[in-house]
Every structure is written in structure tokens, then in C-alpha cells.
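Asks: fold the stuff below for me.
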Amino acid sequence: MALKTLVKISSVNNLSDARYGAGMGVELMGFNLNKSEGNYIDVNTFTEITNWISGVKIVGEFADLDYLDIIEAISNYNLDFIQVDDMNQIIALKETKIPIILRIDISDSSFEELENLLKLAKAHISYFLLESKNNDIALNNLFKLSENFPLILDSGVTIKSLDNIITQSSIKGIALKGGNEIQPGIRDFDEMADILEFLEIE
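Replies: Next comes the predicted model:
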């Protein structure tokens, strides 16, 4: 199955999300590997889940975890991408040879501030994952930035906005959040399903 744009599912913590996303053609699947956060996935659970899926790239989500802790974790997890929040870690992590995604909170950033940050990091990363605490983000500004930078949107993504994101911009893809199972093996996929079904190529 193919989708109209790249899709990343973030904070996957159960096999239901992983198998559903992989079956729908999701390209990137993220797992929270920061022990200080609630959705942390230990190496045994990670291995159990990822052994059941194929055709997706696995992203280790480290947030602001210390560089040395990230290096230690990399030796235990089989990763295709590293995702971090701290731009200062990027240069050091280049030695791992694993492609990097930089997550940026754009809630309080002006267009100029964001553009300058993207310019500084562009040579060292594969994608910028943009998040915002505000629902009313200025998509037009992000559309302009997408002409020069590889952006994945984790905010402002709705069924209503998707068509413009796909057809009116050079944005590389979107990100959706994984959720918790109601009970083992049972998960409500309504919100995720609506978007993924919209993105299906007939």
C-alpha cells in the first residue's frame, strides 16, 4: 500500500500501532528511547515489536537525552534514524553515521528565527520535525520554508489541511502520534485511520 506523502508515527508503544501503520504504508516509525519520559520503550519491548513489522524505517526518539546516553542506547537498538531536540548534539552524533531528525518546537518562533535555525542545521540532518503547542500555526510560512528545507509537520495536520499540504507545498511529510491500547491487542484507530485512509493512493 502506498501513501500520497511520507508519514511518521511517533511514540509507538504497542504492536497494534506498529502493525497497523506498517500495513498502511507508513514510512517512519518512532520509538521513545528516553528513559525519563512516560512512553519509554525498553530494548526487549522494542525488539518484540520491530520483529513483527517490515517495510518501515525505525526512528529512535531521544528528545534532550545526553549525548553519551544516546551513544550507549544506539548499541542496543537497531535504528535507521536518530531523532533529537538539541541542535548542539547534531555534530557529535554525525559520527554514528545514522541519519538525524531534528525536532523543533515552533510555538513561539518567528519566521526569521525558524528560518535561521533551519539554515544552521540543514547540512547535518535528514528531516526537521516541526511541532507546535498552538493549533493555528501559519501553514503559509511553513510552505515557503518547505521549498528549501526537508520539513515534516507534527502540528496543524487535519483532514481539512492535508490537501493543501500535499498539493500546495514541498513539505516532505506529516507525523502522527501513536496511542495506548485499550487492552492488549485492542486499539481505537479512528483518528489515525481517517488521515491514513485519506492519504491512500487508489
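Asks: pull stretch 12-19 out as CSV, backbone CA atoms only.
Replies: Output in CSV follows, covering the C-alpha atoms of stretch 12-19 (Å, rounded to 0.1, in the frame of the first residue of the first chain):
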residue,chain,number,x,y,z
VAL,A,12,4.8,4.0,19.2
ASN,A,13,4.5,1.8,22.3
ASN,A,14,2.4,-1.2,21.2
LEU,A,15,2.3,-3.8,18.4
SER,A,16,-1.2,-2.7,17.3
ASP,A,17,0.1,0.7,16.2
ALA,A,18,3.2,-0.8,14.7
ARG,A,19,1.4,-3.4,12.6
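Asks: report the buried residues of that stretch.
Replies: Neighbour counts using 16 or more other Cβ atoms under 10 Å place V12, N13, N14, L15, S16, D17, A18 of stretch 12-19 among the buried residues. For the C-beta atoms, the positions are set from N, CA and C on the backbone; glycine is no exception.
Asks: distance from that stretch to the middle of the chain?
Replies: 15 Å (Cα atoms, centre = their mean, to the nearest Å).
Asks: what's in contact with the helix-or-strand element of the chain with minimal mean pLDDT?
Replies: When each helix and strand of the chain is scored by mean pLDDT, DSSP states H and E, helix 190-199 comes last, with a mean of 83. Contacting residues not belonging to helix 190-199 are listed as 3-5, 7, 9, 17, 20-21, 24-26, 157, 159, 162, 166, 174, 176, 179 [Cβ atoms under 8 Å, 6 or more residues apart in numbering].
Asks: can you mark which positions in that helix are buried?
Replies: M192, I195, L196, L199.
Asks: identify the residue spatially nearest to A2, adjacent ones excluded.
Replies: I201 (4.6 Å; Cβ to Cβ, 6 or more residues apart in numbering).
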